[in-house]
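K.L.:
could you work out the structure for the sequence below:
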Amino acid sequence: MSSWPGSRWVLAIGFLVAAGPTARAQAPAARLRTLEQTWLQYRDVRDRLGITRNLGATISPSGVPAESLDARSLRLRGELDRLVAAVPLDRLRAVDARAFRFLAGELRRLEAEERERPEPTADLTDCDDHFPDRLRAAPLEALTSRTFACYGAAARRIVVDADTLDRLAILGRLGRTDDPGVRRRLFLALAPVWGAVNGDDGAGSPYRRMVALRRAAWTGGTPMEARARGLGVDPDALERWLVAVLEGWRATLPDTLFEPWDYYHWTGETSRVLSPGIPRDSLQALASRYYRDLGADPAALRVHFDLLPRPGKYPISFTDFGGRDPIEPWVFTSYRTGGFDLLAELLHEIGHAVHIAAIRTRPAYTDWPDSDTFTEAIADLAANEAYEAPWQQRYLGHTVPEATAIRAKYAGIVLDIAWSLFEIRVHRPGSPSPNQVWAELTHEYLRIKPHPEWSWWALRGQLVESPGYMLNYAFGAILIEDVRARLKTVRGSFAAGDPGWYADVSKRLYRFGREKPAQEVLEDFLGRPVSIDALLADLARAGGR
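P.N.:
Residues are numbered from 1 along each chain as shown. Predicted coordinates:
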């Protein structure tokens, strides 16, 4: 139940109308409440419009035409401007003044985003030309938009041996395919994806041009540095943590060099054993059952799912608000197949959904937290139990050895960490080419044979569209193992369910939205700053120690 019930808003607005101008002038808090409720309505309409567009539809799931939602959002936007101007900031209590300043700042930010949003520049008929002449002098936003569109087009449709797959399906098959020749063909079939981003790694590389433009634009420091400082960690210290995790991973590896496709297979034993019992049509039911056992039933929390591929669909899995009055989370991804890896990803996405469904704060703060790193990490609070034997036994009916499961858990994490270090290093002045940076990182820490002739690092769309975003997964892995260790000390194991789990976690971690800084939420829960110790201890299990 919301802490700002609608009935109170109706009474407050009715009082203002009845009392006339004098009473309105004496009720600054009531004016703010009216502003906040209108803000919530505006965000709700924009959410519903965004979901409709993400579905590729012209009618919203509730039956409202997109053009009507758009018109309503414009009317509410005008009303917000009027209401903001009518709030006497100097007569508000400190707590209300903070909410007002935040809301007004968000209005300015959204207005700037709309004004600066680039016009679509991608002509997907010319994506074979990775860097056409017309883009060589293009601004960063236009170049990014076009490169990401071509990346998405390549990632959605990949033909291998007469079989049409996509990026996620191929990466899943690499771990489950025993024939090394077939694995190699699958891996190299991804070449159009990475080619769309980096061309030949030379002067014809869109990515290298984007790196140069970003360096010039980042006058106040990089997004990677900002993400670290936002959670109270010095950027240099965080980079040392990332290296320490990779060194811990390297200590678990055999004394051999892997081809990239064989690396995916070596870490894929868990998927090979468990995936046959997880067909595509079981993914949502399995994941929902687990969250239901934690007291977070996705159906009761109004979580919606859009899980099947379709032409033009956004190429990265994500979860977002589909409404805020009430909150309705939506999960978007594209699953052609089933399998353990995709189940783990869906558990993560539902983790986002149950997080935002639990937000209970005033309308001004009903939003994602102020840290993407915290947001990404907290989605794995429950999801990471999929790598524990009690979870596998309860929900899948059989298990893999502990070291095998933990190796599967960290195989993706260490790639995220390698990508994060890649971004930090490739954006430094005078750095080697992207391919060379990636070849050195993966050879040194993942024991993968160097292939500087291939841009296989360019498999994550975040590297194109959201520079620095990969650090959310890397730093988030450190953060969440610390939080998970603390939560298990407080509540005990929840691998096989815990009906009181969601209510407790909502109160401690989920409910705040933008009301409270993420760093404060974390440190209040942990009783100290974030530490790397829990992750290193957990990672050591991959070596059977």
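K.L.:
the strand or helix carrying Glu113 - contacts with which helices or strands?
P.N.:
Using DSSP states H and E, the element containing Glu113 is helix 94-116. Packing partners of helix 94-116 (3 or more CB pairs under 8 Å, 6 or more residues apart in numbering; DSSP states H and E): helix 28-54, helix 66-86. From N, CA and C alone the C-beta is placed, and that goes for glycine too.
K.L.:
tell me the helix or strand right after that helix.
P.N.:
Toward the C-terminus, helix 94-116 is succeeded by helix 140-156 as the next helix or strand (DSSP H and E).
K.L.:
whichever helix or strand comes after that following helix: which residues count as buried?
P.N.:
Using DSSP H and E, the next helix or strand after helix 140-156 towards the C-terminus is strand 158-160. By neighbour count on 16 or more other CB atoms under 10 Å, the buried set for strand 158-160 is Ile158, Val160.
K.L.:
which residues does strand 158-160 contact?
P.N.:
Thr164, Leu165, Asp166, Arg167, Ile170, Arg185, Leu186, Ala189, Leu190, Pro192, Val193 (CB atoms under 8 Å, 6 or more residues apart in numbering).
K.L.:
now for the third one, how many residues are close by?
P.N.:
Look at Asp166: counted by other CB atoms under 10 Å, it has 20 neighbours.
K.L.:
mind checking how far Arg82 is from Thr34?
P.N.:
Going from Arg82 to Thr34 by CB to CB, to the nearest Å gives 10 Å.
K.L.:
contacting residues for Thr147?
P.N.:
Ala196, Val197, Pro206, Tyr207, Met210, Val464.
K.L.:
which two from these end up farthest apart in space?
P.N.:
Ala196 and Met210 (12.6 Å; CB to CB).
K.L.:
who has more neighbours, these two?
P.N.:
Just comparing Ala196 and Met210: by other CB under 10 Å the higher neighbour count belongs to Ala196, 26 against 20.
K.L.:
mind checking the SS state of that one?
P.N.:
Secondary structure, DSSP: H, G, I helix; E, B strand; the rest coil: Ala196 is helix.
K.L.:
Arg280 and Arg336 touch, don't they?
P.N.:
Yes. The pair Arg280 / Arg336 is scored as a contact, 7.4 Å apart, by CB atoms under 8 Å.
K.L.:
number of nearby residues for the residue nearest to Gly230 when sequence neighbours are not counted?
P.N.:
Excluding the flanking residues, the one nearest Gly230 by CB to CB, 6 or more residues apart in numbering is Ser371, at 5.1 Å. For Ser371, the neighbour count with other CB under 10 Å is 22.
K.L.:
next, Ser371: phi, psi?
P.N.:
Dihedral angles of Ser371 (phi, psi; degrees, to the nearest 10) stand at phi -130, psi 120.
K.L.:
quick one: it and Ala142, what's the gap?
P.N.:
Ser371 is 29 Å from Ala142, where distance means CB to CB.
K.L.:
do Lys488 as well
P.N.:
48 Å.
K.L.:
what of Ser73?
P.N.:
Going from Ser73 to Ala142 by CB to CB gives 26 Å.
K.L.:
burial check on Pro432, number of neighbours?
P.N.:
If you count neighbours by other CB under 10 Å, Pro432 ends up with 14.
K.L.:
residues contacting it?
P.N.:
Pro432 neighbours (CB under 8 Å, 6+ apart): Glu440.
K.L.:
now do it against Ile417, distance only.
P.N.:
Distance of Pro432 to Ile417, given as CB to CB: 19 Å.
K.L.:
do Leu536 as well
P.N.:
Distance of Leu536 to Ile417, given as CB to CB: 13 Å.
K.L.:
same thing with Phe494?
P.N.:
26 Å.
K.L.:
and if you look at Arg528?
P.N.:
From Arg528 to Ile417 the distance is 23 Å (CB to CB).
K.L.:
comparing the two, which shows the higher neighbour count?
P.N.:
Ile417 (28 against 10).
K.L.:
may I ask you to confirm that that one belongs to a helix?
P.N.:
Yes. Secondary structure of Ile417, determined by three-state DSSP: located in a helix.
K.L.:
show me which of the contacts of strand 158-160 is closest to Asp96.
P.N.:
Nearest to Asp96 among the contacts of strand 158-160, with distances taken as CB to CB, is Arg167, at 47.4 Å.
K.L.:
surely that closest one and Ala153 touch.
P.N.:
No. Arg167 is beyond contact range of Ala153, at 11.3 Å (criterion: CB under 8 Å).
K.L.:
who's more crowded, these two?
P.N.:
Ranked by neighbour count (other CB under 10 Å), Arg167 and Ala153 place Arg167 first, with 23 against 19.
K.L.:
which one is that one nearest to, not counting chain neighbours?
P.N.:
Once flanking residues are discounted, Arg167 sits nearest to Ala155: 4.1 Å by CB to CB, 6+ apart.
K.L.:
same thing with Ala405?
P.N.:
Nearest non-adjacent residue to Ala405, counting by CB to CB, 6+ apart: Tyr387, 4.6 Å away.
K.L.:
what sits against that neighbour?
P.N.:
Thr270, Ala344, Ala405, Ile406, Ala408, Lys409.
K.L.:
just the buried subset of these, please.
P.N.:
By neighbour count, with 16+ other CB under 10 Å, these hold Thr270, Ala344, Ala405, Ile406, Ala408, Lys409 as buried.
K.L.:
helix or strand: which one has the third one?
P.N.:
With the criterion set as DSSP H and E, the secondary-structure element containing Ala405 is helix 402-426.
K.L.:
then the second one?
P.N.:
If you go by DSSP H and E, Ala344 is part of helix 340-357.
K.L.:
using CSV, list the CA coordinates for that helix.
P.N.:
This file holds the C-alpha atoms of helix 340-357, laid out as CSV (Å, rounded to 0.1, in the frame of the first residue of the first chain):
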residue,chain,number,x,y,z
PHE,A,340,20.0,-22.6,-17.4
ASP,A,341,21.8,-19.5,-18.5
LEU,A,342,18.6,-17.8,-19.7
LEU,A,343,16.9,-18.9,-16.5
ALA,A,344,19.6,-17.2,-14.5
GLU,A,345,19.2,-14.0,-16.6
LEU,A,346,15.4,-14.0,-16.1
LEU,A,347,15.9,-14.4,-12.4
HIS,A,348,18.0,-11.3,-12.5
GLU,A,349,15.4,-9.3,-14.5
ILE,A,350,12.6,-10.4,-12.1
GLY,A,351,14.9,-9.2,-9.4
HIS,A,352,14.7,-5.7,-10.9
ALA,A,353,10.9,-6.1,-11.1
VAL,A,354,10.3,-7.1,-7.5
HIS,A,355,12.7,-4.3,-6.4
ILE,A,356,10.8,-1.5,-8.1
ALA,A,357,7.4,-3.1,-7.1
